[in-house]
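[1] I'll drop the sequence and a predicted model, then ask my questions.
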Amino acid sequence: MPDNSRRLQLTADGELRHFLAIEGLDKPLLTRILDTADSFIEVGERTIKKVPLLRGRTLVNLFFEPSTRTRSTFELAAKRLSADVLNLDIGTSATSKGESLSDTLLNLRAMASDMFVIRHSQSGAPHFIAQSVTPDVAIINAGDGRHEHPTQAMLDVLTIRQHMTTFSGLRVAIVGDIQHSRVARSQIRALNALGVDEVRLIAPDTLLPHDPEALGARVFHRMEEGLRNVDVIIMLRLQRERMEGALLPSESEFYRMYGLNREKLAYANPGALVMHPGPINRGVEIESAVADGPQSVILGQVTNGIAVRMAVMSMAMGGQLNERQSATGEGVASP
Amino acid sequence: MKWRVDNIHPVTNGEPAAECTSVLVADGRIAALGSDLSGYRVERVVDGCGQWLLPGLIDLNCHLPEPGSDRGGSIESETRAASRGGFTTVCTTPNTSPVNDSGAVTHLILDMAARNGHTRVLPVGAVTRGLQGERLSDMVALTRGGCVALGNGGHATTSSRVLRRCMAYAHTFGLRLFLQPENASLASDGCAHDGLVAAGLGLPGIPQVAETTAVSELLMLAEETGANLHLGPLSCARSVALVQAAKEAGHNVTAEVGISHLVATEQAIEGYNGTFHCRPPLRTEADRRALLEGVESGVIDAIVSQHRPSDEAAKLAPFPETQPGLSTVESTLSLGLERVAAGELSREGLLQALITGPARVLDLEAPVIAEGAPADLTLIAPEQRWMPAAGSLFSAGAHLPVRDRELPGIVTLTAVDGRIRHEHGGNGS
Amino acid sequence: MQDIEQLLNRMTDDLRAHISAQGLSSLCPVGIRTGGVWVAQALRRRLGIETECGELDITFYRDDFSRIGLHPRISPSRLPYETEGQNLLLVDDVIMSGRTIRAAMNELFDYGRPESITLATLVDLGRRELPIQPDVTGIHRSLGACQRIKLQGPEPLELTVEEVPDA
């Protein structure tokens, strides 16, 4: 899979042309994304927060799963790159209208779209689209099934880098519903690729994937053990459906065993970062005092989200244009 | 028509006879067998070119898409494909549209097969109405209409109570049940083996216990009711062990495995390759080896194609939304010969599983090349090679387990009831 | 090769004359990465300007994005002062087609509206593709088809001409 993932996402010159998954991307490329994001953070501090990179390009937000937050971040990022944005909330009933996924996308491409940002409930949907439907449209994965949510992972590691300077020597713990989390999978891959010392997963068996060690992480069932010597704690969101699926008895039991409160925070290294991809369930995953406390960097994650998305969108668009150019052998007039 | 094929090595128990011989076919039977049959007057002489003559292969699990939508072929195209694959008899599955749960649909299938089919077609009827798993189907009527068994067509019955009653009822009339073992609630929304590959791809998994608990349950229910049970296709090593224990304890059970599961593992779906979305899913290498050993030892009685032809669009979707199944009937024998060449299976084991085993499951006479035996014949050139490619298949199915790679063994002729149905290079290919 | 000290001194004299002629009050220096920043710092010292040098990375404003994509080496621009209403001194090491300066000016305007921009370049290679001219130049040079000029730095600053194989 790493090979296939790499080949699909990169041009022959190793430039990004789709951003589908952390899997298959190496440390130099991930670092480049972070460095590019740093530059976009600076743009966000100017009076005019726009750069002309994607002027004249059309980006379509295709959200088959609803999400106002993520979609708005992508929309804002695209507009700061001067792109035109089209938002399509297709919901999960794309097929109820009878039109297949392929047909929907081909119709959009016919309207001259340059980039699709896709969130879908099926793992592999963005891969399928990039490989078999519209390979010449830059595809950005905004979350597919249980597979990956790569932009979220990138903004998380950017946040870590801002506070910790280096990745080597770090111990990072991810707590909560790992099994159903595409964010966690992307985070584990990104942290390992960037060279952290150890990634730990803290959760009950019902919320862990089949073979977590094979994903590159060490499993703990207790917070006390798992948080010892940890420098970064990432709390995952717990969804209500997990109670209905007989995976957990109740939110209060989860909070008692795995919720991050001041007492449990003390098991980690002093100054350990507290992170959460959001939205937070106060009193379920995390105590308010911790979420709002001095070690929490949760709010900073939002600014980073826009910058990271600007970075991958501009890099992927650049790779696509590069490829088109090599294919036709002609220069394309720039705006 | 009376005809003769010269220059062939008849194959018994997996071994081709050392000497070349001739076979005379008349009135649907092997009329004579010998080195010089030139005395008989025949309408046609076929030169066997030193190839092997086998009794016709029997496929216990081959989905024919009629009645149904026109995506993925017809009885004509798929039996033609089966014939090219060396099969002279195929058992269809009940999951047609409409489901084969009535004598009328069975008659329709047999009628179309008689008119357009290139092999003998033995229908397997639905064990519950509409394959819904709630009410018993008219099992006796289906059997009298021509069904050789009743099956669940891959749709696992959710209620153990209903299953038990199906078995009890079938046992009353001595009817055979073809049941694919799957515990629906453990399988849940899974679409791939619940292992490393699916975890990496974020695909919902079907754990091994979804099959092994169902196998255990079916075996115990069959033991209690006395039903004649045929299980499969199997995908887990543990399932093979369970069947072996049941057989050793003297229970009346048989089992099958799909050729895909002897050839591929979960690695095949890396990169979201929907072509290898199968049900049951392709599992680990350890499972694959155990299935091969099961065939070799005879615990698994039959290798089936589990042919499920579908058009391009069926796999043009994100992995979990693709249709499971492959077009396998044309290449099953060749894929088996490839396993033999790789030393993973003996030729005897392979041919037993494609001929004698299936016949035994259906309570047919053991097929042989001998005077008086029915003339269901398969002639193969084992050393010749061919390349399956989407454009050149007889099957309308677009998805193959092996593509653009050469496979060993070309079927040069098949005959059903003495009538030649497939000829390589003739009106066949 | 060239005596950089001499060039910088001459540029400083020319800038003083320009500032006086234009009636410019304080100048805010900003250099284009990387060579332009070194030259800007050298000029700032000689002119005795207190304001820190700004640093511009023009990657996001280049006009060849559609042809070559995003440049791999990028770092954030840094302007440690408000540009609104200021007289800016834009500095680069080499000017040729003029496209880099156009990109830099576009970027500067996205920070705010400057009162004026004075352009100083160490080397002018001619071969303009846009109507942009420096107010102050260190030296004019023309290069052969297989030659390229490069500023090494930051200490000591040195101009070298290198041969490149026929691209």
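    In hand now; what should we look at?

[2] what's the neighbour count on the closest residue to chain C within the stretch 151-300 of chain B?
    Taking C-beta to the nearest C-beta, chain C has its nearest neighbour within the stretch 151-300 of chain B at residue B:271, 25.5 Å off. Where C-beta positions appear, they are placed from N, C-alpha and C, glycine not excepted. As a burial measure, residue B:271 scores 19 neighbours (other C-beta atoms under 10 Å in any protein chain shown).

[3] Hmm, it is touching residue A:127, no?
    Yes - contact criterion C-beta atoms under 8 Å: residue B:271 and residue A:127 qualify, at 7.4 Å.

[4] so what sits against both of these two?
    Common contact partners of residue B:271 and residue A:127 (C-beta atoms under 8 Å, 6 or more residues apart in numbering or on different chains): A:5, A:8.

[5] any idea which element the residue of the stretch 151-300 of chain B closest to chain C lies in?
    Residue B:271 belongs to no helix or strand when assigned by DSSP states H and E.

[6] for it, what are its contacts?
    Residues counted as contacts of residue B:271 (C-beta under 8 Å, 6+ apart) are A:1, A:4-5, A:8, A:127.

[7] gap between the closest residue in space to residue A:312 that isn't next to it in sequence and chain B?
    Spatial nearest neighbour of residue A:312, chain neighbours left out: residue A:19 (4.4 Å); criterion: C-beta to C-beta, 6 or more residues apart in numbering or on different chains. Separation of residue A:19 from chain B (C-beta to the nearest C-beta, to the nearest Å): 16 Å.

[8] who are the neighbours in contact with residue A:19?
    Listed by C-beta under 8 Å, 6+ apart, the contact set of residue A:19 reads A:9, A:138-141, A:150-151, A:312-313, A:315-316.

[9] Residue A:229 reaches residue A:172, doesn't it?
    No - taking contacts as C-beta under 8 Å, residue A:229 lies outside contact range of residue A:172: 11.2 Å.

[10] Please name the nearest non-neighbouring residue to residue 15.
    Using chain A. residue A:319 (3.9 Å).

[11] could you do chain C instead?
    Residue C:15 sits nearest to residue C:136 (C-beta to C-beta, 6+ apart), 5.3 Å away.

[12] What does the one you found show for phi and psi?
    phi -140, psi 130 (degrees, to the nearest 10).

[13] burial of it, as a residue count?
    Neighbours around residue C:136, by other C-beta under 10 Å: 21.

[14] How about the contacts made by it?
    Neighbour list for residue C:136: C:11, C:14-15, C:18, C:118-121 [criterion: C-beta under 8 Å, 6+ apart].

[15] Now, of those, which are buried?
    Buried by 16 or more other C-beta atoms under 10 Å in any protein chain shown: C:11, C:15, C:18, C:118-121, out of these.

[16] pretty sure residue B:348 is touching residue B:14, no?
    Yes - under the criterion of C-beta under 8 Å, residue B:348 makes contact with residue B:14 at 2.7 Å.

[17] As a check, name the ranges of all strands in the stretch 201-335 of chain A.
    A:218-220, A:232-235, A:273-275 (DSSP state E, counting those that start in this stretch).

[18] I'd like to know which of those lies nearest to residue C:78.
    Comparing those by their distance to residue C:78 (C-beta to C-beta), the top pick is strand A:273-275, with 25.8 Å.

[19] Any idea how many residues pack against the closest residue to residue B:24 other than its chain neighbours?
    Nearest residue to residue B:24, sequence neighbours excluded (C-beta to C-beta, 6+ apart): residue B:32, at 4.1 Å. For residue B:32, the neighbour count with other C-beta under 10 Å is 16.

[20] Secondary structure class of residue B:32, three-state.
    strand (DSSP: H, G, I helix; E, B strand; the rest coil).

[21] How much space separates it from chain C?
    Distance of residue B:32 to chain C, computed by C-beta to the nearest C-beta: 77 Å.

[22] wouldn't that residue be in contact with residue B:38 here?
    No - if you go by C-beta under 8 Å, residue B:32 and residue B:38 don't touch, sitting 11.3 Å apart.

[23] dump the residue contacts of the residue of chain C found nearest chain A.
    Evaluated by C-beta to the nearest C-beta, chain C has residue C:69 as its residue closest to chain A, separated by 2.8 Å. Neighbouring residues of residue C:69 by C-beta under 8 Å, 6+ apart: A:15, A:315, A:317-319, A:321-322.

[24] Among those, which one sits closest to chain C?
    Set against chain C, the nearest of the contacts of residue C:69 by C-beta to the nearest C-beta is residue A:318 (2.8 Å).

[25] separation between residue B:385 and residue A:45?
    The gap separating residue B:385 from residue A:45 is 67 Å, by C-beta to C-beta, to the nearest Å.

[26] now the chain, which segments are flagged as low pLDDT?
    Here I'm looking at chain A. Applying pLDDT under 70 to chain A flags residues A:1, A:91-98, A:242, A:329-335.

[27] Hmm, no, I was thinking of chain C.
    Ranges of chain C meeting pLDDT under 70: C:1-2, C:166-167.

[28] Farthest pair within the buried ones among the contacts of residue C:136?
    For the buried ones among the contacts of residue C:136, the farthest-apart pair by C-beta to C-beta is C:18 and C:121; their separation is 13.3 Å.

[29] Show me the longest helix that occurs in chain B.
    Longest helix of chain B, by residue count under DSSP state H: helix B:208-225.

[30] Strands of chain C, residue ranges please.
    Using DSSP state E, the strands of chain C run over residues C:28-32, C:54-56, C:87-95, C:116-124, C:136-140, C:147-152, C:158-163.

[31] Of the ones you listed, which is nearest residue B:215?
    Closest to residue B:215 of those, according to C-beta to C-beta: strand C:54-56, at 70.1 Å.

[32] buried ones in the closest one?
    C:54-56.

[33] wait, isn't residue B:298 in contact with residue B:352?
    Yes - under the criterion of C-beta under 8 Å, residue B:298 makes contact with residue B:352 at 7.1 Å.

[34] Those two: which is more packed in?
    Neighbour tally, residue B:298 and residue B:352, criterion other C-beta under 10 Å: the higher count belongs to residue B:352, 22 against 14.

[35] In space, what's closest to the residue nearest the centre of chain C - neighbours in sequence excluded?
    Nearest to the mean C-alpha position of chain C, by C-alpha atoms, centre = their mean, lies residue C:92 at 1.3 Å. Residue nearest to residue C:92 in three dimensions, not counting chain neighbours: residue C:36, with 3.8 Å by C-beta to C-beta, 6+ apart.

[36] With residue A:132 instead?
    Distances taken as C-beta to C-beta, 6+ apart place residue B:316 nearest to residue A:132, at 6.5 Å, with adjacent residues excluded.

[37] What number of residues are in the vicinity of the one you found?
    By other C-beta under 10 Å, neighbour count at residue B:316 equals 17.

[38] again with residue B:165
    Around residue B:165 there are 16 residues (other C-beta under 10 Å).

[39] Could you do residue A:62 as well?
    Residues contacting residue A:62 under the criterion other C-beta under 10 Å number 27.

[40] ok, residue 20 - contacts?
    Assuming you mean chain A. A:5, A:8-9, A:126-127, A:130, A:139-141, A:148, A:150.

[41] Not quite, go with chain B.
    Counted by C-beta under 8 Å, 6+ apart, residue B:20 has contacts B:6-9, B:35, B:48, B:50.
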